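Visitor: Below: sequence and its predicted model.
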Amino acid sequence: MPSSSDSPNWLQAARKTIRAEAEAIGRLESRLDEGFEQAVMDILACTGRGGKVVFTGIGKSADVARKTVATLNSTGTSAAFLHAADALHGDLGLVSDGDVVMTVSKSGATAEVVSLLPMLAARDLTVLAMVGRPDSPVGRAAKLVLDVSVDQEACPHDLAPTNSSAAQLAMGDALAMALMEARGFSSEDFARSHPGGSLGRQLLLRLADLVDAESDVTVNAAAGIREVVVAVSAGRVGAAAVLESKEGHRNPVGIVTDGDLRRALERDPATWSGLTAADIMNQEPRCLPATTRAIDALNMLEEHRISQVVVTDAAGGFIGFVHLHQLIDAGIR
């Protein structure tokens, strides 16, 4: 591999950018002081009252604000984005009394954001700032400042927002994660905010959501092999549950799979006509309650190299089967 000195200029520029942005982000850690802690407390108090945190900005700072709002909403903090220019033309109605407003700006002197400050000051709002110049109009107008200043941009002309945008993004993520930790936001809470993703399905999807009427394939222990073959073939799961009815409950005492049928046919053909479900069933079927997470059932099937699981109710009664293919098709991985 060629040394960095042998690399083309454009590749050296790319590597320099990564190093510069990493250094800019690294310097933020020491700035997470009492002001940052107070920002977290203010937002927690606001959202605890049913309010929200509104992020506003212009240009690249607006892009950072949008992303931070998305992260906050997905991690349990009610947030909204308000473009500073739109706020000056009617959209300020998005902000309710008692909300927290976070102004995001590299310079702290962006005209649209500065023009917005008197209107924010006239309302019952908590105004915070995430700025690159704490001693700026935006910084001075805020209750407190999250300092995202950088020495210079990674851009060789010190123009294109690079280090500054990276620092803003990192500070926004730090704020979101601090709020997430402060309110005890769990992986289950996260899943409820992302029900369509694989994580959401892993944490929320249960066997009860997958079992259906077509998987209610059963025989009794005395059923002959012909009846068993018909039952196994009729269902979509390659198996039939062998049940024993007791006190109104359908208790599974075994399972006959298509594999069990093949093994039964390896016996002396003269015995086939007399075989019953009890003779060929597996007396220790894998059973899981309907409340079991689908991902846990999938792991169990793969561990034991079997194709279906018996799903039971709270009393241990048979509900139906869930097949390996159903779990895979559910998209929990």
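Guide: Noted; the coordinates are in hand. The shown structure was predicted, so the numbers you read here are calculated from the model rather than taken from an experiment. Residues are numbered from 1 along each chain as shown.
Visitor: tell me the mean pLDDT over the lengthiest helix in the chain?
Guide: Counting residues, the longest helix in the chain under DSSP state H turns out to be helix 163-182. The average pLDDT within helix 163-182 is 95.
Visitor: Could you tell me which ranges of the stretch 1-150 of the chain sit under the pLDDT cut-off?
Guide: Judged by pLDDT under 70, the stretch 1-150 of the chain has its weakly predicted residues at 1-6.
Visitor: If we use 50, what do you get?
Guide: 1 (pLDDT under 50).
Visitor: Tell me which stretches of it form helices.
Guide: Using DSSP state H, counting those that start in this stretch, the helices of the stretch 1-150 of the chain run over 9-26, 34-48, 60-74, 84-87, 111-121, 137-141.
Visitor: of those, which approaches residue 313 most closely?
Guide: Each of the helices of the stretch 1-150 of the chain was scored for nearness to residue 313 using CB to CB, and the closest is helix 60-74 (34.7 Å). Using the backbone N, CA and C atoms, a C-beta is placed for each residue, glycine as well.
Visitor: Give me the contacts around the closest one.
Guide: 53, 55-57, 78-81, 83-84, 102, 104-106, 110, 161, 164-165, 168-169, 172-173, 175-176, 179, 190, 193-194 (CB atoms under 8 Å, 6 or more residues apart in numbering).
Visitor: What count of nearby residues applies to residue 107?
Guide: 16 (other CB atoms under 10 Å).
Visitor: now it, nearest residue through space, not along the chain?
Guide: Closest residue in space to residue 107, ignoring its immediate chain neighbours: residue 133 at 6.0 Å, by CB to CB, 6 or more residues apart in numbering.
Visitor: give me phi/psi at that neighbour?
Guide: When read as degrees, to the nearest 10, the backbone of residue 133 gives phi -130, psi 100.
Visitor: what's the span of stretch 263-279 from first residue to last?
Guide: One end of stretch 263-279 to the other measures 11 Å (CA to CA, to the nearest Å).
Visitor: Stretch 86-103 too?
Guide: 14 Å.
Visitor: repeat for stretch 208-217
Guide: 16 Å.
Visitor: buried residues in it?
Guide: Residues of stretch 208-217 classed as buried: 208, 210, 211, 215, 216, 217 (neighbour count, 16 or more other CB atoms under 10 Å).
Visitor: CSV for those residues, including secondary structure, distance to residue 8 and pLDDT?
Guide: As requested, the buried residues of stretch 208-217 are exported to CSV (DSSP: H, G, I helix; E, B strand; the rest coil; distance: CB to CB, whole Å; pLDDT from 0 to 100):
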residue, secondary structure, distance to residue 8, pLDDT
208, helix, 59, 92
210, coil, 54, 90
211, coil, 59, 90
215, helix, 61, 88
216, coil, 66, 90
217, coil, 65, 91
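Visitor: Of these, which is the nearest to residue 300?
Guide: Closest to residue 300, out of all of the buried residues of stretch 208-217 and judged by CB to CB, is residue 210, at 14.0 Å.
Visitor: which residues touch that closest one?
Guide: 294, 322, 326, 327, 330.
Visitor: Most neighbours of all those, which one?
Guide: Comparing these on neighbour count, residue 322 comes out first with 28 neighbours (neighbours: other CB under 10 Å).
Visitor: any idea how far residue 216 lies from residue 321?
Guide: Distance, residue 216 to residue 321, using CB to CB, to the nearest Å: 8 Å.
Visitor: confidence score at the residue of the chain most remote from its centre?
Guide: Centroid-distance maximum for the chain: residue 270 at 58.2 Å, with CA atoms, centre = their mean. Confidence at residue 270, expressed as pLDDT, is 86.
Visitor: does it count as helix, strand or coil?
Guide: helix (DSSP: H, G, I helix; E, B strand; the rest coil).
Visitor: Residue 323 reaches residue 236, doesn't it?
Guide: Yes - look at residue 323 against residue 236 with CB atoms under 8 Å: they come within range, at 6.9 Å.
Visitor: Give me the more crowded residue out of those two.
Guide: residue 323 (20 against 14).
Visitor: Does the more buried one have any beta-bridge partners, and if so which?
Guide: residue 308 (DSSP bridges).
Visitor: ok, and the closest non-adjacent residue to residue 17?
Guide: residue 154 (4.2 Å).
Visitor: same question but for residue 144, I mixed them up
Guide: residue 35 (4.4 Å).
Visitor: The one you found contacts residue 139, doesn't it?
Guide: No - checked against CB under 8 Å, the pair residue 35 and residue 139 is beyond contact range at 11.2 Å.
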